[in-house]
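Engineer: Just the structure for this:
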Amino acid sequence: MSSAKLGKDELLSKLAEWNIQTETLEHPQVFTVEQALPHLENTQGKFAKNLFLKDKKKRLYLFCAPHDADVKLNDLAKMVGAAGGLRFADSTVLEDKLGIQEGSVTVFGIINDTDNKVRLVLDQRLLDETYTKLWFHPMVNSATTSISPTDLKSFIDKTNHEPLIVNIS
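Structural biologist: Next comes the predicted model:
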């Protein structure tokens, strides 16, 4: 893969190439979970909350969980062993590492983390078949793409990431 970052169309093409089944719904730009949910009213599955974080040592984390998970950054920091706690990473780092803008944070961003500088952290419910479909932005916040937990595992494997699985409940 080149150093150029993949966008929505390239991501969807790569997913198809890898035989990963997805469905993408186009909608107006959304910047919060609350804004996105009305566009997914008639769908099955669970929309994901995605947070791009850093610790005091500037290690980067992409955390993904069901949208309604009660995430406490102090508790999450302990689960991942983040030195000095967790805080939101800068938008310039988000663009540089994952090739996405604020409001579009997504698990799919790890496709652009070719040097594995971002630690992927997933709530276990995203992989344990609690939900039949998971919904994430496809690199932009004007669409949402579904993927099964099995295909999500396959995607993560194809991007050479080893997720840290945590239990947020």
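
Engineer: State the number of residues packed around residue 52.
Structural biologist: 22 (other C-beta atoms under 10 Å). For the C-beta atoms, the positions are set from N, CA and C on the backbone; glycine is no exception.

Engineer: what lines up beside the helix or strand hosting it in the sheet?
Structural biologist: Here residue 52 is covered by strand 46-55, with elements defined by DSSP states H and E. Partners of strand 46-55 in the sheet, by DSSP bridges, are strand 60-66 (antiparallel), strand 86-88 (antiparallel), strand 134-136 (parallel).

Engineer: quick one: buried residues of the second one?
Structural biologist: Read it as strand 86-88. Neighbour-count burial for strand 86-88, counted by 16 or more other C-beta atoms under 10 Å, picks out residue 86.

Engineer: pLDDT on it, on average?
Structural biologist: Per-region confidence: strand 86-88 scores 96 on mean pLDDT.

Engineer: next helix or strand past that strand?
Structural biologist: helix 91-98.

Engineer: who's in contact with that next one?
Structural biologist: Helix 91-98 is contacted by residues 5, 52, 54, 60, 62, 100-102, 105, 109-110, 112-113, 117-118 when judged by C-beta atoms under 8 Å, 6 or more residues apart in numbering.
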